[in-house]
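Enquirer: Fold the following.
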Amino acid sequence: MQCQKELFSLDPKTIYLNGAYMSPNLNAVVEAGMRGIHKKTNPANLVINDFFDPPVRAKKLFAQIIGAEDYASIALIPSVSYGIANVAHNVALKENEEVIIVGEQFPSNFYCWKHHADKVGAKIKTISCPVSDHRGASWNEEILSAITERTKVVTMPIVHWADGTVFDIKRICQYAHEHDALFILDGTQSIGAMPFSIKEVPADAVICAAYKWLLSPYSTGFCYMSDYFSDGEPIEHSWINRKGSEDFSGLVNYQDDFKRASYRYDVGQAPNFALMPMCEAALQQIIEWTPEAITAYVTEISHEGLGYLKERFLIEEDRYRAKHLFGIRLKSSSSQAIIKDALQEANISVSYRGDCIRVSPNVYNTKNEFFKLVNILMENA
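Expert: So this is what the prediction gives:
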């Protein structure tokens, strides 16, 4: 793969190494959104199929990306917190059962579990990152060791949002299921930028906000739900998720039955006439590139530079570090303010999460851009 910058409209004066914060829009995604906006400008042109076909196409595309066989197992959600709420609502936690989370997990995958646990006297069991020279390996082992007969749910990201630590989700999923625990994944900071297969990692639910590595607009997302949730109760009851909703003249013939599989969990007004076409255009492009090729590209442009940085900074070993998102830790905290000013002056956009400089390149970046970052870090550390 070559650099794909020409497919975006990024500011040429800025080096954007911050995809984990928010993706830029592809030009094709902007065009799709504008077509959707213009369609509603003259609503007489909207037909019934405009409510139903775009969501199906988007679900099919996301299902293809994660290897799900049935697109109806995918729900359309506006946020991770919405997807987690639907999952947690259908998990019957009991007193003294445990929900395992990882330390400094993104809040959307914490607050809802804490709320449900507090109601019934269940416990949140946090597995914090160990202080170790081999943080990733040790962290994964400690998560496995924490799973016991009292574990009801293991809910965690594929890649840690703050520093890019990669979790051994295949092994953890297997171990959770061996203990009759549900395994819930947040794929927001990974799906789209690195390969993932629900067939290889049969999680019970996979929740993914789409505005980062799926290159889609804000307030869009996808939630894969396994058969465990196929007869569950959604947190809202939208008309469009019921059987027969395509017949607008019969909507007041109220239906008890939902459409099949995960349709019941679709957010109300999911067929957004601008957002759904934007998602569709973004997912089509990712499928054309493939997550494997994206991973290979960001590895290629960053590998050499990371080799230099490892001499002066703390960076996770390759096996436990995402290639598209990684934390660069300073050996002296006194340098962070200096580096932050230097990067800002050079118009290099990154994020700062805890003690990490979080760097997240994508296909719109180049090796030369990455080395500009490397040089500033080396000069100011």
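
Enquirer: quick one, what contacts H116?
Expert: A88, H89, V91, L93, A122 (CB atoms under 8 Å, 6 or more residues apart in numbering). C-betas here are computed from N, CA, C, even on glycine.

Enquirer: so where does it fall, helix or strand?
Expert: helix 111-120 (DSSP states H and E).

Enquirer: Spatially central, which residue of this structure would that be?
Expert: The residue lying closest to the centre of the chain (CA atoms, centre = their mean) is T188, at 0.7 Å.

Enquirer: For the nearest residue to that one once chain neighbours are set aside, give me the pLDDT.
Expert: Spatially, and ignoring its direct neighbours in sequence, T188 is nearest to A209 (4.5 Å; CB to CB, 6 or more residues apart in numbering). On pLDDT, A209 comes in at 98.

Enquirer: low-scoring stretches of the stretch 51-200 of the chain, by residue?
Expert: Of all residues in the stretch 51-200 of the chain, none has pLDDT under 70.

Enquirer: rewinding a little: who are the contact partners of the residue nearest to the centre of the chain?
Expert: Counting by CB under 8 Å, 6+ apart, T188 has contacts V80, F106, P157, W161, I207, C208, A209, K212, W213, G221.

Enquirer: What does the residue nearest to T188 show for phi and psi?
Expert: Here is the backbone geometry of A209 (degrees, to the nearest 10): phi -70, psi 140.

Enquirer: Thought G221 was touching it, still the case?
Expert: Yes: with contacts counted by CB atoms under 8 Å, A209 reaches G221, the gap being 4.4 Å.

Enquirer: Need the overlap of contacts for those two.
Expert: S79, V80, T188.

Enquirer: sorry, back to before: looking at the contacts of H116, spot the one nearest K60.
Expert: Proximity of these to K60 (CB to CB) peaks at H89, which lies at 26.1 Å.

Enquirer: hey, where'd the helices end up in the stretch 1-150 of the chain?
Expert: Taking DSSP state H, counting those that start in this stretch to define them, one finds helices in the stretch 1-150 of the chain at 27-41, 49-66, 80-89, 111-120, 135-146.

Enquirer: Please point out which parts of the last one sit buried.
Expert: Translated: helix 135-146. Judged by neighbour count (16 or more other CB atoms under 10 Å), helix 135-146 contains these buried residues: R135, G136, A137, W139, N140, E142, I143, L144, A146.

Enquirer: Check which element follows that helix along the chain.
Expert: Assigned by DSSP H and E, the successor of helix 135-146 is strand 151-157.

Enquirer: Packing partners of that next one?
Expert: Taking 3 or more CB pairs under 8 Å, 6 or more residues apart in numbering; DSSP states H and E as the contact definition, the neighbouring helices and strands of strand 151-157 are strand 98-102, helix 169-178, strand 182-186.

Enquirer: could you give the angle of that strand to helix 169-178?
Expert: Counting by axes from the mean of the first three to the mean of the last three CA atoms, to 10 degrees, strand 151-157 lies at 160 degrees to helix 169-178.

Enquirer: Pairing partners for strand 151-157, with directions?
Expert: strand 98-102 (parallel), strand 182-186 (parallel) (DSSP bridges).

Enquirer: Let me know the angle separating the first one from helix 111-120.
Expert: This means strand 98-102. Going by the same axes, to 10 degrees, strand 98-102 makes 160 degrees with helix 111-120.

Enquirer: now the angle from strand 98-102 to helix 135-146?
Expert: Here the directions of strand 98-102 and helix 135-146 differ by 180 degrees (the same axes, to 10 degrees).

Enquirer: Report the backbone C-alpha coordinates of strand 98-102 in PDB.
Expert: Taking Å, rounded to 0.1, in the frame of the first residue of the first chain, the C-alpha atoms of strand 98-102 are listed here in PDB:
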ATOM      1  CA  GLU A  98     -17.600 -10.300  39.600                       C
ATOM      2  CA  VAL A  99     -17.200  -8.100  36.500                       C
ATOM      3  CA  ILE A 100     -13.600  -8.000  35.400                       C
ATOM      4  CA  ILE A 101     -12.300  -4.800  33.700                       C
ATOM      5  CA  VAL A 102      -8.700  -3.600  32.900                       C
END
